[in-house]
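In: Just to be clear, the model below is a prediction. Sequence and coordinates:
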Amino acid sequence: MLVLETLKAFSETGRTALIHPLGSLSYRDLEIRSDAFARWLLDTLGEDRSPVVLWGDKEADLLPCLLGALKSGRAYVPIDSVIPKDRAAQIVAAVDPKVVVAFTGEELPWEGRTLSPEKLEAVLSAPGEKVPPENWVQKSDPAYILFTSGSTGRPKGVPITAGNLDAFCQGLLPHYPKEGGVILHQVSYSFDVSGCAVYAGLCRGMTLFTVDHQMAAGLGECFDALERSGLTLWVSTPSFGELCIQSQRFDQRLLPHLRQFLFCGEVLTHALCDALSERFPKAQILNTYGPTEATVLVTAAEVTEEMRRDSLPIPIGKAIDGVTLRLEQEGREVTEEGQTGELLILGPTVGPGYLGQPDEAKKVFFIDPETGLRGYRTGDLCFFRNGLYHYCGRADNQLKLNGYRIELEDIEENLQRLRNVRRAAVIPVRDQEGIVQYLAAFLLLQESDGLTPLKRAIALKKEAAAYLPPYMIPRKILAVESFPLNVNGKIDRKALAARLEKTP
Ligand code: AMP
């Protein structure tokens, strides 16, 4: 596996691999501690290859445990510490691990071995031999299992193999700076975008600069740390970028070495690109796209001034090396420029399916009869124009309101064109039968307008009428100070809906 090979190579150099709130780990430390964890797993579990659960935030030793699991031939399952215990227990029940490393210091209701941080230190500092590559996870073995929210309300396990991750690194690395540098390590391990730092970053010999939950919650403290970080490559969701740009401190003076922003996971807006280009004139912006099922990201677009000026959405770009993309509509390939279709991903980054849910997997994973490639139907609607893919919403986020067909993203994009609106999130409000009754929009304003909520809503609706037909203008328009984010750093639409219930 690429990351384990490069780790070994860099361990001779004295480079720093990880900076965390309490200190740092060199590539050598990472190599020694991950080997120690792998030896312990091999000694303790023998032939049993069940995955290892890593339950925490971004504690320093989570990374050596993650790499150690891989070196022992086992997958790991990261569970973020903010996940409620009940949901964490559901994941553990689905995985049936023999070992849980609980950085949270808590116990789960489950019969197996829990390693607390104290016990872990003895394991990681035990001297011993390197674990040979024959023991490592092999190409078709699962390397991690991530749990995404399932339509049933229970988390759905997505295994990703070592081969998938190697293909992802090979596809992404041509977009990274040549060697070295400092990369932001803010995205939760339980969200695959963290792989941009953990896999691609380590493969490039970069230093991962940790921003944990506590730091991300208090931007002042976070910026104080970032100011001393020497950060060269920023990786986050656009929403975290939005949060940061609200502070006037967030500019090139704070991060003088920053040369690239990499965004993934949700729509990257024109407004954010414009604000970042102004504040960080030396940094390039990369918009990337991908679902967990096809390993982190499969497209990339370097955002140009022309794209920023264009009325089209910011493109998600072209397939990264090794990946094949195709648009389909009603079973037929879409070849016409500008015509919308469902995006299909084919190639070596497409994962093996869903954990214990073969029927669910059959609906979306397939083998392409023509090429023999493994494929995944994303449910994302895209069109191709000027050599680039553009994302235009979910196939399943389309709704009808009073007979009119509406795409929520369409409304959001248009509300974002209003003079004082930075970001919009629109939510359908449904009745008990699930029929949409009306739409509510939550808006993050560029600056305070000093209006009462009622006067503001009236003014914004009037302005929106220039871009949207009346039936697409949300009935309720509410300004928010910031958007609640879910554990993956995306806008938490459920939390917004709950907020709406409390609003008269
Ligand atoms: P996840 O599996 O949590 O990474 O979510 C994948 C979904 O996020 C995709 O299927 C898209 O709907 C959305 N997504 C990811 N990246 C982008 C992007 N750059 N622009 C728009 N939507 C995105």
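Out: Cool, the structure landed.
In: Spell out which parts of the protein neighbour the ligand.
Out: 148, 264-268, 287, 289, 291-292, 316, 378, 380, 391, 394, 488 (CB under 6 Å from any ligand atom). From N, CA and C alone the C-beta is placed, and that goes for glycine too.
In: Those in strands, which ones?
Out: Assigned to strands by DSSP state E, the following of the residues of the chain next to the ligand qualify: 148, 287, 289, 378, 380, 391, 394.
In: Can you tell me the closest non-neighbouring residue to the third one?
Out: Read it as residue 289. Closest residue in space to residue 289, ignoring its immediate chain neighbours: residue 316 at 3.7 Å, by CB to CB, 6 or more residues apart in numbering.
In: Does the one you found touch residue 391 like I think?
Out: Yes: counting by CB atoms under 8 Å, residue 391 is a contact partner of residue 316 at 5.0 Å.
In: Specify which residue of those two has the higher count of neighbours.
Out: Applying other CB atoms under 10 Å to residue 316 and residue 391 shows that residue 316 carries more neighbours, namely 26 against 23.
In: State the pLDDT value of the more buried one.
Out: pLDDT, residue 316: 97.
In: What residues does it make contact with?
Out: 287-289, 299-301, 382, 388-391 (CB atoms under 8 Å, 6 or more residues apart in numbering).
In: Turn these into JSON lines, including distance to residue 99 and pLDDT.
Out: Converted to JSON lines, the contacts of residue 316 look like this (distance: CB to CB, whole Å; pLDDT from 0 to 100):
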{"residue": "287", "distance to residue 99": "38", "pLDDT": "97"}
{"residue": "288", "distance to residue 99": "33", "pLDDT": "97"}
{"residue": "289", "distance to residue 99": "35", "pLDDT": "96"}
{"residue": "299", "distance to residue 99": "36", "pLDDT": "98"}
{"residue": "300", "distance to residue 99": "36", "pLDDT": "98"}
{"residue": "301", "distance to residue 99": "41", "pLDDT": "98"}
{"residue": "382", "distance to residue 99": "41", "pLDDT": "95"}
{"residue": "388", "distance to residue 99": "45", "pLDDT": "97"}
{"residue": "389", "distance to residue 99": "41", "pLDDT": "98"}
{"residue": "390", "distance to residue 99": "44", "pLDDT": "96"}
{"residue": "391", "distance to residue 99": "39", "pLDDT": "91"}
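In: Could I get the buried residue list for stretch 343-360?
Out: For stretch 343-360, the neighbour count (16 or more other CB atoms under 10 Å) marks 343-355, 357, 360 as buried.
In: From the chain's centre, how far out is that stretch? Work that out for me.
Out: The chain centroid and the centroid of stretch 343-360 are separated by 18 Å under CA atoms, centre = their mean, to the nearest Å.
In: and if you look at stretch 332-348?
Out: 23 Å.
In: Can you name the residues in contact with it?
Out: 163-164, 167, 290-291, 294, 298, 322-329, 368, 371, 373-385, 389, 392, 395.
In: For the buried ones among those residues, write the corresponding PyMOL selection.
Out: Here is the PyMOL command that picks out the buried ones among these, judged by 16+ other CB under 10 Å:
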select buried, resi 163+164+167+290+291+294+298+323+324+325+326+327+373+374+375+376+377+378+380+381+382+383+384+389+392
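In: who's in contact with the residue most central in space within the chain?
Out: The centroid of the chain falls nearest to residue 193 when counting by CA atoms, centre = their mean (3.6 Å). Residue 193 sits next to 187, 235-237, 264-265, 296-297, 488-489 when contact means CB under 8 Å, 6+ apart.
In: re the thing from before, how far away is the residue nearest to residue 289 from residue 297?
Out: 9 Å (CB to CB, to the nearest Å).
In: cool, residue 192 as well?
Out: In terms of CB to CB, residue 192 sits 8 Å off from residue 297.
In: Which of the contacts of residue 193 sits closest to residue 222?
Out: residue 236 (11.6 Å; CB to CB).
In: I figured the closest one hits residue 191, correct?
Out: No: contact criterion CB under 8 Å: residue 236 and residue 191 do not qualify, at 10.4 Å.
In: tell me, what's touching these two both at once?
Out: In contact with both residue 236 and residue 191: residue 489, using CB under 8 Å, 6+ apart.
In: Report the backbone C-alpha coordinates of stretch 375-391 in PDB.
Out: What follows is stretch 375-391 as a C-alpha-only set of coordinates in PDB (Å, rounded to 0.1, in the frame of the first residue of the first chain):
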ATOM      1  CA  GLY A 375     -19.000   1.300 -11.600                       C
ATOM      2  CA  TYR A 376     -21.100   3.300  -9.200                       C
ATOM      3  CA  ARG A 377     -24.300   5.300  -9.900                       C
ATOM      4  CA  THR A 378     -24.000   8.500  -7.900                       C
ATOM      5  CA  GLY A 379     -27.500   9.800  -7.900                       C
ATOM      6  CA  ASP A 380     -25.900  13.200  -8.700                       C
ATOM      7  CA  LEU A 381     -27.100  15.200 -11.700                       C
ATOM      8  CA  CYS A 382     -24.400  16.800 -13.800                       C
ATOM      9  CA  PHE A 383     -23.800  18.200 -17.200                       C
ATOM     10  CA  PHE A 384     -20.700  18.500 -19.300                       C
ATOM     11  CA  ARG A 385     -19.700  21.800 -20.900                       C
ATOM     12  CA  ASN A 386     -16.400  23.200 -22.200                       C
ATOM     13  CA  GLY A 387     -14.600  20.000 -21.300                       C
ATOM     14  CA  LEU A 388     -15.700  20.100 -17.600                       C
ATOM     15  CA  TYR A 389     -18.400  18.500 -15.500                       C
ATOM     16  CA  HIS A 390     -20.800  20.700 -13.600                       C
ATOM     17  CA  TYR A 391     -22.800  19.500 -10.700                       C
END
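In: Can you pull out the low-pLDDT segments for the chain?
Out: The chain contains residues with pLDDT under 70 at 149-154, 396-398, 400, 403-405, 432-435, 503-504.
In: Longest helix in it, please.
Out: helix 27-45 (DSSP state H).
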